[in-house]
Structures are given as structure tokens and as C-alpha cells.
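*Asks:* Dropping a prediction and its sequence here:
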Amino acid sequence: MPDIPSPEPEITFRPASGGRTQVEVIVGDRTVSWLSIEPFTLRIGAATVRMDGIAGVGTEEEFRRRGYARRLLEATVAWMRQGDAALSMLYGIRDFYPKFGYATAGPDHRVVIQPGGARGAGRRGLPGRCGCDGAGSSLRVARPVALVRGVHGA
């Protein structure tokens with residue numbers, strides 16, 4: 001039985017709340033990959049700089065490794081080049097986004113509290129049990145990578 005070719009993916013850009021733009025790759029009648037462009041204004045010294053943040057990037061598991069995220073990012077970068085943002089930033093996978101022109105700008109640190117985790121986190125002033133629900137929680141430090149890209153660069 002011959003393979004039936006899948007329909008050519010369609011990439012859509014639509015306005016969303018808060019000035020955001022939702023970008024989606026649609027195959028047939030199904031959204032298979034997506035992201036959101038988040039508008040920001042940065043202060044660098046006395047200057048203000050328009051920046052587009054990339055957020056909520058995802059691809060349905062069964063559609064991964066088929067080039068949909070690549071098409072999504074390439075179309076998004078081309079779309080942003082037509083706008084007024086000087087640069088784009090995202091927190092992402094260290095080895096994935098550089099092929100789209102992003103470079104590491106620096107790490108970000110945050111604490112994630114997971115309910116029902118291990119007890120006895122009582123190091124350096126932390127209480128022996130964390131959380132307000134009495135179930136106990138564990139702490140872990142997540143270190144996503146901040147990546148930046150010049151939108152109008154080559």
C-alpha cells in the first residue's frame with residue numbers, strides 16, 4: 001500500500017490578547033506546532049529598545065522530528081524582520097535555537113516548588129518542610145538558557 005502524502009503545512013499568524021501574535025503550523029485541520037510572539041520594550045541605559053519575545057513553543061509529540069518546528073521558527077523570524085523590533089529573545093533549548101540565529105545571552109535562575117516531594121529541605125535557613133499545604137515539598141533550581149537574536153541581522 002503506497003504512503004499517502006500529508007498535506008502541505010500552513011503557517012498562520014493571528015493577533016492574540018495583550019498585543020501578542022499566535023503562530024501555528026497547521027497540517028490538514030490540526031495544529032501541530034505553535035508559539036507566541038510577545039512584544040516588549042527594554043530599557044538599556046537611557047534608551048528604549050523594542051524586542052519580540054518568543055514564548056510557549058511546542059510541537060505535538062507525534063509530529064516531532066518532521067521539520068514543523070523549523071518551519072515555524074523560520075517563518076516567525078522572517079515575519080519579525082518586517083516589524084519594528086530590534087531583537088528577539090527566548091528561553092530555550094541550548095542546542096536547538098542557534099541554527100535560527102539565536103545566541104546565549106545568559107542564564108536565568110528560578111526556584112520550582114514541587115508539592116509532595118522530599119522533606120527536610122532545611123539547609124541555609126529554609127524550613128524543614130516547604131509549602132503551605134502541609135504535604136511537604138521539594139525545591140529544585142531550574143536553569144533555562146536565555147537566547148537572543150538580532151531580528152534585522154542576516
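*Replies:* Nice, I can see it.

*Asks:* Check the spacing between Ser17 and Pro39 real quick.
*Replies:* Relative to Pro39, Ser17 is positioned 12 Å away (C-beta to C-beta, to the nearest Å). Where C-beta positions appear, they are placed from N, C-alpha and C, glycine not excepted.

*Asks:* neighbour count winner among these two?
*Replies:* Pro39 (15 against 6; other C-beta atoms under 10 Å).

*Asks:* got a list of what that one touches?
*Replies:* If you count contacts by C-beta atoms under 8 Å, 6 or more residues apart in numbering, Pro39 has them with Gly19, Arg20, Arg50, Met51, Asp52, Gly53, Ala85.

*Asks:* So in terms of bridging, what pairs with it?
*Replies:* Applying DSSP bridges to Pro39 gives these bridge partners: Asp52.

*Asks:* lowest-pLDDT helix or strand in the chain?
*Replies:* In the chain, the helix or strand scored least confidently by mean pLDDT, DSSP states H and E is strand 137-142, which has a mean of 44.

*Asks:* What is the neighbour count of the closest residue to Arg30 other than its chain neighbours?
*Replies:* By the measure of C-beta to C-beta, 6 or more residues apart in numbering, the closest residue to Arg30 outside its immediate chain neighbours is Glu60, 7.8 Å from it. Other residues within reach of Glu60, judged by other C-beta under 10 Å, total 14.

*Asks:* can you check Ala16 too?
*Replies:* 13.

*Asks:* The one 3 residues further on too?
*Replies:* Counted with other C-beta under 10 Å, the neighbours of Gly19 add up to 10.

*Asks:* Can I get the helix or strand that contains Leu42 as PDB, trimmed to CA atoms?
*Replies:* In this structure, Leu42 sits in strand 30-44 according to DSSP states H and E. Extracted in PDB, the C-alpha atoms of strand 30-44 (Å, rounded to 0.1, in the frame of the first residue of the first chain):
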ATOM      1  CA  ARG A  30      -4.800  20.000  13.100                       C
ATOM      2  CA  THR A  31      -2.500  22.500  14.800                       C
ATOM      3  CA  VAL A  32       0.800  20.500  15.100                       C
ATOM      4  CA  SER A  33       3.300  23.200  16.200                       C
ATOM      5  CA  TRP A  34       2.900  26.700  17.700                       C
ATOM      6  CA  LEU A  35       4.500  29.600  19.500                       C
ATOM      7  CA  SER A  36       3.600  33.100  20.700                       C
ATOM      8  CA  ILE A  37       5.400  36.400  19.900                       C
ATOM      9  CA  GLU A  38       5.300  38.600  22.900                       C
ATOM     10  CA  PRO A  39       6.100  42.300  22.400                       C
ATOM     11  CA  PHE A  40       8.300  44.000  25.000                       C
ATOM     12  CA  THR A  41      10.200  47.300  25.500                       C
ATOM     13  CA  LEU A  42      13.600  47.000  27.000                       C
ATOM     14  CA  ARG A  43      15.500  49.800  28.800                       C
ATOM     15  CA  ILE A  44      19.200  49.800  28.100                       C
END
